[in-house]
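**Student:** Quick check, what structure comes out for this input:
(chains A and B)
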2 protein chains.
Amino acid sequence: MKILVSNDDGIDSAGIAALAEELKKIGDVTVVAPRTEQSAVGHAITMKIPLRVTEYYKNGDFFGYAVEGTPADCIKMGIRNIMKTKPDIVISGINHGSNTAINIIYSGTVSAAREAAIMDVPAIAISVTSHEATDFSYAAKIASLLAQTVVKNGLPAGTLLNVNVPDLPEKEIKGMKLTRQGKSKWDDIYEERIDPYGKKYFWLTGKLIEADTDLETDQFAIRNNYVAVTPIHFDLTDYDTFEDMKNWNIENLSTDN
Amino acid sequence: MKILVSNDDGIDSAGIAALAEELKKIGDVTVVAPRTEQSAVGHAITMKIPLRVTEYYKNGDFFGYAVEGTPADCIKMGIRNIMKTKPDIVISGINHGSNTAINIIYSGTVSAAREAAIMDVPAIAISVTSHEATDFSYAAKIASLLAQTVVKNGLPAGTLLNVNVPDLPEKEIKGMKLTRQGKSKWDDIYEERIDPYGKKYFWLTGKLIEADTDLETDQFAIRNNYVAVTPIHFDLTDYDTFEDMKNWNIENLSTDN
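**Tutor:** Numbers count the residues shown, from 1 in each chain, chains lettered A, B, ... in the order given. Predicted structure coming up:
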């Protein structure tokens, strides 16, 4: 099995090291990841400046390719120019911090996997729910298990799995749940400060308002110690509203009045 | 009507000037836009560095607020800290270049409108199909017409309209079409070059492979000289696959074997 591994925390993070190590047991692993942390970059791609790629070594051994760009750049570059062929699967992570509910929109980890899905390669994004996580071994095993399951069962073109693993000892985890994207959102606050030169600046802070109460949502599943597995896609069309809007008769609207 | 205007081409672009000027005829307009071009940044938000906001003047008159950040930052900051109240509608654009099919995923213009939808504010993203567009007057009138229609008809919480206007003289435009996100995608190529110091670098190029042949898709509609109006949302769950995956019995998968 040919596996392309990426992330958004950067090629030197603990999560991607644990993931690559575990996946080497089941396939040929190529790591192509951002040289520096790219959290919350969403699906940004680099177009206005050129990309550079360097070989990255860990303890003297070749580990993978570091791209001075975004997670989505890594997947495009990894498949087009480094592997030069489509892998059997792309796995992005293991992210430090959950990517559930609204966070899916902002996540670089998910966007790397989504870029793979755009390129018709099956993909999994995997995250551990705490930024302070230090043990990624259980999440790495989940990634390996789901990678093998996806390659066996297949996924529709354009679909990826977004997986969130509670940051708990393995024996406290209740199992896996098939979930939907939850509706929890951030209450943002911009903290205002004054710099040493008397100018205002703002830091984004805030807290997640937990609105999910159904075990079939990613956010409530992780809160209840389940691994949440959500199939997502990149067709953003709101088909219900598409049907409702047929009553708007926009074909007959005119700018002339 | 209180209207918040943003974009991804930057506060000094021609598209946002035409949009703000037209919308001032129907409401109170507040402009909060990126200080510099932010194309293809997707739904990136700024968390690791602080944001700065400055007043931006055009020909000596106050035009709006320039944020040293992304389009999504502008909407969060615009609503939370500048307007300090929710506007009746957010309009993002007028983008220089189309945001149809897969480009919706990469677009900063669409992400600004999507951030508004996340904050439960009705929103429209509007683009003209050519990067070389110089006349935004018709697209501005379409934005105004649709803004009034959205405020009158309402949109479900979390839904926004993504609008693409052909870069053609008004009399050649055939009207508006209600559309879905098309399936056209990029065939990416990384052009390899050598810098003056002998190091390799890569430029992303490529061409859009037009796969849409149905007038109910955004991409085919603009190719046929219609204004394409697509309702989109940020629930990325793939509900068809969610149903299919019930047969995977992931609850019973185990990492123990």
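
**Student:** ranges for the helices of chain A?
**Tutor:** In chain A, the helices defined using DSSP state H lie at A:14-23, A:71-77, A:103-106, A:108-118, A:137-153, A:218-223, A:239-244.

**Student:** Let me know whether the fourth one sits next to chain B.
**Tutor:** Yes. Contact of helix A:108-118 with chain B (Cβ under 8 Å from any Cβ of the partner chain) involves A:111, A:114, A:118. All C-beta atoms are positioned from the backbone trio N, CA, C, and that covers glycine.

**Student:** what angle do that helix and helix A:14-23 make?
**Tutor:** Compare the direction of helix A:108-118 with that of helix A:14-23 by axes from the mean of the first three to the mean of the last three Cα atoms, to 10 degrees and you get 40 degrees.

**Student:** what's the closest non-adjacent residue to residue A:52?
**Tutor:** Residue nearest to residue A:52 in three dimensions, not counting chain neighbours: residue A:68, with 4.7 Å by Cβ to Cβ, 6 or more residues apart in numbering or on different chains.

**Student:** one step back: could the helices of chain A be laid out in CSV, adding mean neighbour count?
**Tutor:** CSV is the format used below for the helices of chain A (neighbours: other Cβ atoms under 10 Å in any protein chain shown):
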stretch, mean neighbour count
helix A:14-23, 22
helix A:71-77, 29
helix A:103-106, 25
helix A:108-118, 30
helix A:137-153, 20
helix A:218-223, 26
helix A:239-244, 15
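
**Student:** related to what we said a few turns ago, now that we have the residues of helix A:108-118 next to chain B, can you turn them into TSV and tack on pLDDT and distance to residue A:227?
**Tutor:** Formatted as TSV, the residues of helix A:108-118 next to chain B follow (pLDDT from 0 to 100; distance: Cβ to Cβ, whole Å):
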residue	pLDDT	distance to residue A:227
A:111	96	21
A:114	97	20
A:118	97	25
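
**Student:** ok, now which ones touch the residue nearest to residue A:4 when sequence neighbours are not counted?
**Tutor:** Excluding its sequence neighbours, the residue lying closest to residue A:4 (Cβ to Cβ, 6+ apart) is residue A:87, at 4.2 Å. When contacts are counted by Cβ atoms under 8 Å, 6 or more residues apart in numbering or on different chains, residue A:87 is found next to A:2, A:3, A:4, A:30, A:79, A:121.

**Student:** Now the first one: closest residue in space, sequence neighbours ignored.
**Tutor:** Counting by Cβ to Cβ, 6+ apart, residue A:2 lies nearest to residue A:87, which is 4.3 Å off, once chain neighbours are set aside.

**Student:** returning to what we had before: which among the contacts of residue A:87 count as buried?
**Tutor:** A:3, A:4, A:30, A:79, A:121 (16 or more other Cβ atoms under 10 Å in any protein chain shown).

**Student:** Test my guess that the fourth one contacts residue A:88.
**Tutor:** No. When contacts are counted by Cβ atoms under 8 Å, residue A:79 is not listed as touching residue A:88 (11.8 Å).

**Student:** Tell me how many other residues crowd residue A:225.
**Tutor:** Using other Cβ atoms under 10 Å in any protein chain shown, residue A:225 has 13 other residues around it.

**Student:** residues in contact with it?
**Tutor:** By Cβ under 8 Å, 6+ apart, the contact set of residue A:225 is A:166, A:168, A:172, A:173, A:174.

**Student:** Repeat that for residue A:3.
**Tutor:** Applying Cβ under 8 Å, 6+ apart to residue A:3 gives the contacts A:23, A:26, A:27, A:28, A:29, A:30, A:87, A:88, A:89, A:90, A:91, A:147.

**Student:** quick revisit: inside strands: which ones of the contacts of residue A:87?
**Tutor:** Counting by DSSP state E, the contacts of residue A:87 place A:2, A:3, A:4, A:30 in strands.

**Student:** for those, which one is nearest chain B?
**Tutor:** Nearest to chain B among the ones in strands among the contacts of residue A:87, counting by Cβ to the nearest Cβ, is residue A:4 at 15.1 Å.

**Student:** what about that closest one, distance to residue A:22?
**Tutor:** Distance of residue A:4 to residue A:22, given as Cβ to Cβ, to the nearest Å: 15 Å.

**Student:** Check what pLDDT residue A:39 gets.
**Tutor:** Confidence at residue A:39, expressed as pLDDT, is 83.

**Student:** isn't it right next to residue B:48, touching?
**Tutor:** Yes. Judged on Cβ under 8 Å, residue A:39 makes contact with residue B:48 at a distance of 7.4 Å.

**Student:** show me what contacts residue A:208?
**Tutor:** A:101, A:103, A:184, A:185, A:186, A:187.

**Student:** who's in contact with the second one?
**Tutor:** Residue A:103 sits next to residue A:208 when contact means Cβ under 8 Å, 6+ apart.

**Student:** follow-up on the earlier one: spit out the residues that contact residue A:79 and residue A:88 alike.
**Tutor:** The contact sets of residue A:79 and residue A:88 overlap at residue A:121 (Cβ under 8 Å, 6+ apart).

**Student:** Centre of the chain to stretch A:170-185, how far?
**Tutor:** 16 Å (Cα atoms, centre = their mean, to the nearest Å).

**Student:** May I have that stretch as CSV, with CA atoms only?
**Tutor:** Once non-C-alpha atoms are left out, stretch A:170-185 reads as follows in CSV (Å, rounded to 0.1, in the frame of the first residue of the first chain):
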residue,chain,number,x,y,z
GLU,A,170,-6.9,3.6,25.4
LYS,A,171,-9.0,1.6,28.0
GLU,A,172,-11.2,4.7,28.6
ILE,A,173,-12.2,5.0,25.0
LYS,A,174,-15.6,3.5,24.3
GLY,A,175,-15.1,2.7,20.7
MET,A,176,-15.8,4.2,17.3
LYS,A,177,-18.9,6.1,16.3
LEU,A,178,-20.1,7.0,12.8
THR,A,179,-20.9,10.8,13.1
ARG,A,180,-22.0,13.9,11.3
GLN,A,181,-20.3,17.4,11.5
GLY,A,182,-21.7,19.0,14.7
LYS,A,183,-23.1,22.5,15.0
SER,A,184,-20.9,23.8,17.9
LYS,A,185,-19.3,27.2,17.0
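
**Student:** any chance of the buried ones among the contacts of residue A:87 in JSON lines, plus pLDDT?
**Tutor:** Shown next, in JSON lines, are these (pLDDT from 0 to 100):
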{"residue": "A:3", "pLDDT": "98"}
{"residue": "A:4", "pLDDT": "98"}
{"residue": "A:30", "pLDDT": "98"}
{"residue": "A:79", "pLDDT": "97"}
{"residue": "A:121", "pLDDT": "98"}
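
**Student:** quick one on the thing from earlier: now do the residue nearest to residue A:52: how many residues are near it, please.
**Tutor:** Other residues within reach of residue A:68, judged by other Cβ under 10 Å, total 16.

**Student:** before we move on, what about residue A:180?
**Tutor:** Residue A:180, neighbours per other Cβ under 10 Å, totals 23.

**Student:** From chain B, how far off is it?
**Tutor:** According to Cβ to the nearest Cβ, to the nearest Å, residue A:180 stands 5 Å off from chain B.

**Student:** Next, the contact list for that residue, please.
**Tutor:** For residue A:180, the contact set (Cβ under 8 Å, 6+ apart) comprises A:216, A:217, A:218, A:230, B:235, B:237, B:239, B:242.

**Student:** What pLDDT is listed against the most centrally placed residue in chain A?
**Tutor:** Among the residues of chain A, the one closest to the centroid is residue A:110, at 1.9 Å (Cα atoms, centre = their mean). Reported pLDDT at residue A:110 in the predicted model: 97.

**Student:** And the pLDDT at the spatially closest residue to it that is not a sequence neighbour?
**Tutor:** Among residues not flanking residue A:110 along the chain, residue A:125 sits closest, at 4.4 Å (Cβ to Cβ, 6+ apart). For residue A:125, the model assigns a pLDDT of 98.
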